[in-house]
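Chemist: Quick one, what's the 3D model for this:
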Amino acid sequence: MAVLRNGSKCSHTMCMLRFFTVSRLALNTNLIFEIGSVNLKKLFDKKALFPYSSSNKVDGFVKRVRFSKVSHKGTHYMSKESYSRLQQILSKGEFAVTAECGPPRGADPEVVRKKGELLKGYVDAVNVTDNQTAIVRMSSIAACVHIERMGLEPVMQMVTRDRNRIALQSDIMGAYSLGISNILCLSGDHQTFGSQPDALNVHDIDSMNLIRTVFTMREEGQDMRGFDLKMPPRMYIGAAANPFADPFEFRVIRLAKKIEAGADFIQTQCVYNMDRFKEWMRLAREEGLTDKVHILAGVTPIKSAGMARYMAKRVAGMDVPEPVIKRMAGVPKEKAAEEGVKICLETIAELREIEGVRGVHIMAIEWEEVVGEIVESAGLMPRP
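Modeler: Residues are numbered from 1 along each chain as shown. A predicted model of the protein is given here:
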């Protein structure tokens, strides 16, 4: 029996308190406990909400805990309304293919256009990263416009690291006015990993709040303070999921929270540990989550054994099993990239057989020329 700080008791014998710092406009979906044997229906019947203010914190912990009953069915089901071409493809049951385009460290639009040409015709939408790895780059919105002008459909990534809620909402409306209809809501890599480690992060709200904000703007036509918007941004809302982070039992709970917040589609971390990914999908299916959101599994072709080792040891949340590393190390260096593509193709073939996987997200940043080869060899052509 676990006892909360306010004296309340939790009857779940395997629960652990985990406290989340959230904004004053926090979602009603922030949970404080994880269950060793996951049962989301029980969890959603008694959720702990952490209203964040200085008066509610004592030594870093929340002083008061409120409980609210929330339906485990989520705020919405897969929308039938058409917001974008990506949404249309997923709603029709087609197996979607998306890829990524990293904007340059400069203002040259030709860099974006060259990458777009390599992806054109092979993918249904292109994620445009938002200062990925916390390195200053051309803005995601500007790069999205260049991509859209080429006839490609962009997915604008937006991180909460660099903007407060005013700037986030302003950029969402501005992006929509420019024809951008897909958004992927993220927290962003910590600035200490980037090119300007002395920069201050913002994190006025977190990615969960950002999802809810876009959803509220779209469905209710209001901003975060409840003011009416004359033309609400009606965007197709995406979120990220990492099935490989610890604790594993929390991964499905966090997925459920993002669906509850308003996510329409999910793009996952790169899949190399297939057994763990399959177990995550099994848990998601058991809770009915795959009926409420479109899941696109992430894949990244490996160029070398060194790249595999680096991802396994240095990239947080990445799970690259030792057999994959040994396989890459077991081929000549000049054949390594070819072997990495083979592994990627085998992964896609296996992913297509998993119930609930609605597509793949190919992350080959700075190796965009291989995307077409992968899509064709995987039997994913022609695109819808």
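Chemist: Measure how buried Gly379 is and give me the count.
Modeler: Residues lying near Gly379 (other C-beta atoms under 10 Å) number 11. Bear in mind the C-beta positions are built from the backbone N, C-alpha and C, glycine included.
Chemist: no no, Asp189
Modeler: Residues near Asp189, counting by other C-beta under 10 Å, number 16.
Chemist: Kindly report the same for Gly330.
Modeler: Neighbour count of Gly330, defined by other C-beta under 10 Å: 11.
Chemist: measure it to Gly102 for me?
Modeler: From Gly330 over to Gly102 the distance is 30 Å, taken as C-beta to C-beta, to the nearest Å.
Chemist: Next: Asp264.
Modeler: 24 Å.
Chemist: quick one: which of these two has more around it?
Modeler: Neighbour count, other C-beta under 10 Å: between Asp264 and Gly102, Asp264 has more, with 29 against 24.
Chemist: Beta-bridge partners for the residue lying closest to that one once chain neighbours are set aside, please?
Modeler: Excluding its sequence neighbours, the residue lying closest to Asp264 (C-beta to C-beta, 6 or more residues apart in numbering) is Ile237, at 4.9 Å. Counting by DSSP bridges, Ile237 is bridged to Ile183.
Chemist: and the residue lying closest to Asn131 once chain neighbours are set aside, what is it in contact with?
Modeler: Nearest residue to Asn131, sequence neighbours excluded (C-beta to C-beta, 6+ apart): Arg137, at 5.4 Å. Counting by C-beta atoms under 8 Å, 6 or more residues apart in numbering, Arg137 makes contact with 102-105, 129, 131.
Chemist: helix, strand or coil for Arg137?
Modeler: Secondary structure state of Arg137, per DSSP: H, G, I helix; E, B strand; the rest coil, is coil.
Chemist: any idea how far Gln157 is from it?
Modeler: From Arg137 over to Gln157 (counting by C-beta to C-beta), the distance is 11 Å.
Chemist: Overlap in contacts, the two.
Modeler: Thr129.
Chemist: List buried members of the contacts of Arg137 by neighbour count.
Modeler: Among these, those classed as buried by 16 or more other C-beta atoms under 10 Å are 102-103, 129, 131.
Chemist: could you dump these to a markdown table with pLDDT and secondary structure?
Modeler: A markdown table is the format used below for the buried ones among the contacts of Arg137 (pLDDT from 0 to 100; DSSP: H, G, I helix; E, B strand; the rest coil):
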| residue | pLDDT | secondary structure |
| --- | --- | --- |
| Gly102 | 96 | coil |
| Pro103 | 97 | coil |
| Thr129 | 97 | coil |
| Asn131 | 94 | coil |
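Chemist: So which of those is the closest to Ala297?
Modeler: Thr129 (18.5 Å; C-beta to C-beta).
Chemist: Retrieve the pLDDT associated with the residue nearest to Asn131.
Modeler: Reported pLDDT at Arg137 in the predicted model: 97.
Chemist: Please apply the same query to Gly151.
Modeler: At Gly151, pLDDT is 97.
Chemist: Contact partners for it?
Modeler: Gly151 touches Lys120, counting by C-beta under 8 Å, 6+ apart.
Chemist: In which helix or strand does it reside?
Modeler: Under the assignment given by DSSP states H and E, Gly151 is not contained in any helix or strand.
Chemist: Same check on Thr213?
Modeler: Short version, using DSSP H and E: Thr213 is in helix 207-220.
Chemist: buried stuff in that helix?
Modeler: Buried residues in helix 207-220, counted by 16+ other C-beta under 10 Å: 207-218.
Chemist: now, which of those residues sits nearest Cys144?
Modeler: Val214 (15.1 Å).
Chemist: What is the neighbour count of the residue nearest to Asp264?
Modeler: Neighbours of Ile237 (other C-beta under 10 Å): 27.
Chemist: Next, format the buried ones among the contacts of Arg137 as CSV and append distance to Ser181.
Modeler: CSV is the format used below for these (distance: C-beta to C-beta, whole Å):
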residue, distance to Ser181
Gly102, 21
Pro103, 19
Thr129, 18
Asn131, 21
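Chemist: Just after the host helix or strand of Phe250, pick out the following helix or strand.
Modeler: For Phe250, the host element (DSSP H and E) is helix 248-261. The element immediately downstream of helix 248-261 (helix or strand, assigned by DSSP H and E) is strand 265-270.
Chemist: separation between Ser170 and Ala305?
Modeler: Ser170 is 45 Å from Ala305, by C-beta to C-beta.
Chemist: Same drill for these two, tell me which one is more crowded.
Modeler: Neighbours were counted for Ser170 and for Ala305 using other C-beta under 10 Å; Ala305 has more, 20 against 13.
Chemist: So that one is in contact with Ala336, correct?
Modeler: Yes. Shown here, Ala305 and Ala336 form a contact pair, counting by C-beta atoms under 8 Å, at 6.3 Å.
Chemist: any shared contact partners between these two?
Modeler: Met328.
Chemist: all helices for this structure, in order.
Modeler: Using DSSP state H, the helices of the chain run over 40-45, 85-91, 109-119, 140-149, 165-177, 207-220, 248-261, 274-286, 305-314, 322-329, 333-351, 371-377.
Chemist: Distance to Ile183 for the ones you listed - can I get that in TSV?
Modeler: Formatted as TSV, these follow (distance: least, C-beta to C-beta, whole Å):
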stretch	distance to Ile183
helix 40-45	25
helix 85-91	11
helix 109-119	18
helix 140-149	10
helix 165-177	7
helix 207-220	6
helix 248-261	13
helix 274-286	22
helix 305-314	26
helix 322-329	32
helix 333-351	24
helix 371-377	22
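Chemist: Out of those, which is closest to Leu200?
Modeler: helix 165-177 (13.9 Å).
Chemist: Which elements pack onto that closest one?
Modeler: helix 140-149, strand 154-159, helix 207-220 (3 or more C-beta pairs under 8 Å, 6 or more residues apart in numbering; DSSP states H and E).
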